[in-house]
Structures are given as C-alpha cells and as structure tokens.
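Peer 1: give me the fold of what follows.
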Amino acid sequence: MASFDSIADLPLRIEGCEFEGLSLDAGAFERLTTIVRLRGGGEEGIGEDVVYDAVDHIAQQDHGPPEGLTGSFTFAEFSDHLDGIDLFPAAAPEREDVSRDYRRWAFESAALDLALRQAGTNLAEALGREPRPVNFVNSMRLAPFEAGARSSIEPLRARLAAYPTLRFKLDPANDWDDELIAALAETGAVDSLDLKGFYKGTPVDVETDPELYAKLIETFPKAWLEDPDVTEETKPLLDPVSDRVTWDAPIHSIADIEAMPWSPPKTVNVKPSRFGPIRNLFAAYDYCEERGIGAYGGGQTELGQGRGQIQYLASIFHPDTPNDVAPGGYNDPEQATKPGLPTSPLEPAIEEIGFRWKL
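Peer 2: Numbering: from 1, shown residues only. Next comes the predicted model:
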C-alpha cells in the first residue's frame, strides 16, 4: 500500500485561513517565513511557507488567503483542488521554478495537520510507522557572510566544546587551505560536505576547484559528497567514490533522482518542501525504500513548526541517516556554543493528534 493512500481519504473541513509572519536575522539576509493556519471543525492545522524571497512573504501577508480554499474534501481531493488555485494571488513569485512547490508544501502540510486533528489521530499512527530517535547533523559555513571574511575552524571548535558528540555537514569554500582541511579531519566530526555545485549567483556560491575536490575526497574518506559540480575535470575524481555522492538541490521528484549521474544513487536528500504536493513526497519515500536508496532530510531555515514537521518525517521515514534537521538553536552562532540544546539523536516528540512535533 502506497504511503499516500493511508491519508488520502481523511475527511477535511476548511472554514478559514490566516497567516502569521516570522523573521530571523540570518547574517547574509533577513529570513522571513509565513505560518499558514487553516481552521475548521473547531481545530487548526499549521504549515510553514519557506519561500526564500521576502517580497513573496510580504505580498502574501498583505493580500491575505487566496480564494477557493474553504469547503469539505478528502485530503486527496483538497490536494487536487489546489491544482486550480493560484497560491500567489498578489504577484508571481520571484523564483518561479521552486517557490510554488514551497508554498504548496505549506498549504498541504497545514491541511494534513488539520485533517489528522479532525480525525483524532496523528501521522505516524495513520501510516502505521513507529517514530524513532532522529540522528541529525549541524549544517554550517566556516566563514561569516561578510566581505573579505575567511573560513576558520574556531566556530566548529566552539560548538564541539559545548556539544562534544555533535556531527557536522560543512560547506567547503575556496579558501579552505591544507591546514584547515587537516584540522577539520582531525576532529573526526565531519559527516557530509556540501559542495554547492548547483548554486549560481547566490551568497553561497563556490567556484568549482578540482584540486579542492581531490583534497576533500582524500582527507575525508567516509564523508558524503553532496551536490558536486560534475565536469570533465571533476568526474574522474568522483567516479571512484560515486557511492559517496549524494544529491540535494536538484531533487524535486522521482524523475530527478533517476536523472542523477551514477544512478541509482546510494542515498539522496529528500527535502520535503522541494516536492510540493505531499503525494509526490510520499511517493519519493516509497520509491527510495523499495529500491534500497537511502534517504535523509533537509531543512530550509524554518522558523516555526515547519522545522518540527521535517523532524517528524525523519523520525518515521529515515531516522538513522545524517539528517540536516538540527533544532533551530544550532542556526544561532551564540546559542549553539552554550549548553542546553537537544543533542542527537532527538527523541520522538510527536503530538498526540495532527502532524506536529513538540518544539
């Protein structure tokens, strides 16, 4: 039985919709997200819109909900119903290629939370899956978003001083020299290297450097190599270690997984918001499970319950992999160096009803 079939027939009554804006100074930019609240039958469902452009959030919050959301449906019928609703009624999104899926995820996750709450059950129970402790890594850069700033191991060491068992997913930069690479390897705490091969024209761009790739491959023999830029120069380096290559940014569908080099990959980042409709996300989970492809989850700098929801999904679909779903406190350079944050693995914290993780 397909995972989506287990929730497809949940009755859903939507009577209203409201938005709540959240914000965080993320260094390179001010991160805005929008909490989507769907109400009906005395219950409220929550989702989080993780569109990256602030103007899209402001336009949505100023405009208010799109028309046509209310009514009685099954969850599957509501998902199909959204095909005919423009979720950007104020203006087209700045990034047409990804933002519509991000917003679709927000409305569908809110609708799923609402349907489950109206039914008096929770997602794990509906799917017949047992929540398990979630392994997570701390994803970080080693240089601040400032002109001329250089990478340093000190932010990582400060976190390890507070949390000695913490594992990391790092973004290698072009200024990583032999000394820094050796020092990072000596910590033994690096699980993944995000090579950012699909980012162009962004604050996190990295110039493809075959020499750097070669050093990383040799110095971190067990680390995952996420999103390499596969070129004539880098492919010979990556071919012998293709079982360590994994993909994130280009994965929005099963077809994308199948289109990656060295297919099928050994593991892949199934980032929920990138799949848009929950039907597509659950199909990808089933696809990977049936074919023995490992999956891990990733976040989008969620500021609210959206973070809890990706932790929830990791708990029931792929708890043991290097999930990039660390609690939000690890995104704060000051908080991440002080005791008190939850450590990996996260104990399951699902709410009794709905699709929510206790934050």
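Peer 1: name the next helix or strand following the host helix or strand of Asp113 along the chain.
Peer 2: According to DSSP states H and E, Asp113 maps onto helix 96-119. Next along the chain after helix 96-119, taking DSSP H and E as the criterion, comes helix 123-127.
Peer 1: tell me the helices and strands packed up against that next one.
Peer 2: With contacts defined as 3 or more CB pairs under 8 Å, 6 or more residues apart in numbering; DSSP states H and E, the packing partners of helix 123-127 are helix 5-8, helix 96-119, helix 305-317. Any C-beta I mention is one placed from the backbone N, CA and C, and that applies to glycine too.
Peer 1: residues contacting that helix, please?
Peer 2: Helix 123-127 has contacts (CB atoms under 8 Å, 6 or more residues apart in numbering) with 3, 6-7, 10, 112, 116, 119, 130-131, 312, 315-316, 350, 354-355.
Peer 1: quick one: Arg117 and Ile353 touch, right?
Peer 2: Yes - counting by CB atoms under 8 Å, Arg117 does reach Ile353; the two are 5.0 Å apart.
Peer 1: neighbour-wise, which of these two wins?
Peer 2: Each of Arg117 and Ile353 has its neighbours counted (other CB atoms under 10 Å); Arg117 has more, 23 against 17.
Peer 1: any figure for the gap between that one and Gly308?
Peer 2: Using CB to CB, to the nearest Å, we find Arg117 at a distance of 15 Å from Gly308.
Peer 1: next up, phi/psi of Ile293, please.
Peer 2: Main-chain dihedrals, Ile293, degrees, to the nearest 10: phi -90, psi 120.
Peer 1: gap between it and Asp229?
Peer 2: 22 Å.
Peer 1: and Glu352, by the same measure?
Peer 2: For Glu352, the distance to Asp229 - CB to CB - is 46 Å.
Peer 1: the more surrounded of these two?
Peer 2: A count of neighbours by other CB under 10 Å puts Asp229 above the other of Glu352 and Asp229, at 20 against 11.
Peer 1: so the more buried one touches Leu195, yeah?
Peer 2: Yes - with contact defined as CB under 8 Å, Asp229 reaches Leu195; the gap is 6.8 Å.
Peer 1: hmm, back to that, just the buried subset of the contacts of helix 123-127, please.
Peer 2: By neighbour count, with 16 or more other CB atoms under 10 Å, these hold 3, 6-7, 10, 112, 116, 119, 131, 312, 315-316, 350, 354-355 as buried.
Peer 1: which one among these gets closest to Ser99?
Peer 2: Using CB to CB, Leu112 comes nearest to Ser99 of the buried ones among the contacts of helix 123-127, at 20.2 Å.
Peer 1: enumerate every residue touching the closest one.
Peer 2: Contacts of Leu112 by CB under 8 Å, 6+ apart are Ile7, Leu10, Gly45, Phe75, Leu123, Ile278, Phe355.
Peer 1: what is the burial count for the closest residue in space to the last one that isn't next to it in sequence?
Peer 2: Here the nearest residue to Phe355 in space, its sequence neighbours aside, is Asp113; by CB to CB, 6 or more residues apart in numbering that works out to 4.1 Å. Here the neighbour count serves as a burial measure; for Asp113 (other CB under 10 Å) it reads 27.
Peer 1: contact partners for Asp113?
Peer 2: Going by CB under 8 Å, 6+ apart, Asp113 touches Leu38, Gly45, Ile46, Gly47, Gly354, Phe355, Arg356.
Peer 1: need those residues in JSON lines (columns: pLDDT).
Peer 2: Shown next, in JSON lines, are the contacts of Asp113 (pLDDT from 0 to 100):
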{"residue": "Leu38", "pLDDT": "98"}
{"residue": "Gly45", "pLDDT": "98"}
{"residue": "Ile46", "pLDDT": "98"}
{"residue": "Gly47", "pLDDT": "98"}
{"residue": "Gly354", "pLDDT": "98"}
{"residue": "Phe355", "pLDDT": "98"}
{"residue": "Arg356", "pLDDT": "98"}
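Peer 1: of the residues you listed, which belong to strands?
Peer 2: Mapping the contacts of Asp113 onto strands (DSSP state E) picks out Leu38, Gly45, Ile46, Gly47.
Peer 1: can you list the residues you listed in CSV and add distance to Pro164 and neighbour count?
Peer 2: Shown next, in CSV, are these (distance: CB to CB, whole Å; neighbours: other CB atoms under 10 Å):
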residue, distance to Pro164, neighbour count
Leu38, 42, 28
Gly45, 39, 27
Ile46, 35, 23
Gly47, 36, 28
